[in-house]
Structures are given as structure tokens and as C-alpha cells.
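> let me see the structure of the following:
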Amino acid sequence: QVQLVESGGGLVQPGGSLRLSCAASGSIFTIYSMGWYRQAPGKQRELVATSIFGGSTNYADSVKGRFTSSRDNAKNTIYLQMNSLKPEDTAVYYCNANIRRTVLSPPRDYWGQGTQVTVSS
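Here you go, the predicted model:
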């Protein structure tokens with residue numbers, strides 16, 4: 001089994017900052033990518049940032065310059081530093097990872113349970 005455990009959500013005022021963390025654990029052979037998605041009420045889930053291990057990180061246009069994704073490969077952990085938060089950033093944030101569990105198994109996507117981020121005064 002593979003588990004993605006997120007932490008760091010909460011309530012913050014507009015202009016504030018939050019840092020999300022997501023740690024992957026369990027039977028892991030290779031992690032190809034990790035990233036963040038978010039889903040606001042009544043809206044579809046959308047990409048926030050995705051990081052290819054050994055490659056680049058891509059950001060949604062709406063968060064470029066405000067959010068920064070980083071990772072600790074040794075800990076199989078990804079972070080999302082969110083600055084200059086806006087009310088429209090309010091959503092449930094989900095961690096995503098593309099992982100191969102064994103040398104013989106195909107890679108597949110895994111999801112965390114989600115963490116609520118609320119930006120409000």
C-alpha cells in the first residue's frame with residue numbers, strides 16, 4: 001500500500017501565508033512525480049503545481065509568483081509554500097503522486113485525503 005499524508009492547511013487572512021506538506025509512505029519503488037491539486041466548492045479539481053522528480057515544476061497561471069513547490073527526495077515529501085493568499089485560493093488541496101510500487105508493477109496515481117485552506121478576513 002501507498003499512503004499520502006497531507007498537513008498544514010487552515011484559516012488565513014488575505015495576504016497571508018501557509019505551507020502544506022505531503023509525505024508518501026509505504027511500498028514505493030519509484031516516485032515519478034508529486035504535485036498539488038485543489039477543488040473549490042462547486043468547481044472541478046484543478047492543477048496547482050506538479051513536480052517531476054529529476055525534472056521541472058509546473059504551476060497554474062493563477063498561482064505563479066505566489067506559490068512555490070519544493071521537495072525532499074530522501075523523505076518522499078513535497079511542500080507547497082503559499083504566499084500572498086487570496087480568497088479565491090480557498091479550496092481543499094489534494095496531494096497527488098505518480099508511483100511505481102514494485103519493479104514489475106505499472107506506475108499509477110495516488111491521492112491524499114485533502115486539506116482545507118480557507119482565505120478569509
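
> CA only for contacts and neighbour counts going forward, please
Noted.

> average pLDDT across stretch 86-96?
In this model, stretch 86-96 has a mean pLDDT of 97.

> swap that for stretch 108-121, please
Averaged over stretch 108-121, pLDDT sits at 96.

> tabulate the CA atom coordinates of that stretch in CSV.
Extracted as CSV, the C-alpha positions of stretch 108-121 are listed here (Å, rounded to 0.1, in the frame of the first residue of the first chain):
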residue,chain,number,x,y,z
ARG,A,108,-0.3,4.8,-11.0
ASP,A,109,-1.7,7.9,-9.4
TYR,A,110,-2.3,8.1,-5.7
TRP,A,111,-4.2,10.9,-3.8
GLY,A,112,-4.1,12.2,-0.3
GLN,A,113,-7.2,12.8,1.8
GLY,A,114,-7.1,16.6,1.2
THR,A,115,-6.5,19.5,3.5
GLN,A,116,-8.8,22.6,3.7
VAL,A,117,-7.3,26.0,3.0
THR,A,118,-9.6,29.0,3.8
VAL,A,119,-8.6,32.5,3.0
SER,A,120,-10.9,35.0,4.7
SER,A,121,-10.8,38.1,6.8
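
> give the buried residues for it.
111-112, 114-120 (16 or more other C-alpha atoms under 10 Å).

> what would those residues look like in JSON lines with distance to residue 29 and secondary structure?
Below are the buried residues of stretch 108-121 laid out as JSON lines (distance: C-alpha to C-alpha, whole Å; DSSP: H, G, I helix; E, B strand; the rest coil):
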{"residue": "111", "distance to residue 29": "17", "secondary structure": "strand"}
{"residue": "112", "distance to residue 29": "18", "secondary structure": "coil"}
{"residue": "114", "distance to residue 29": "24", "secondary structure": "coil"}
{"residue": "115", "distance to residue 29": "26", "secondary structure": "strand"}
{"residue": "116", "distance to residue 29": "30", "secondary structure": "strand"}
{"residue": "117", "distance to residue 29": "31", "secondary structure": "strand"}
{"residue": "118", "distance to residue 29": "35", "secondary structure": "strand"}
{"residue": "119", "distance to residue 29": "37", "secondary structure": "strand"}
{"residue": "120", "distance to residue 29": "41", "secondary structure": "coil"}
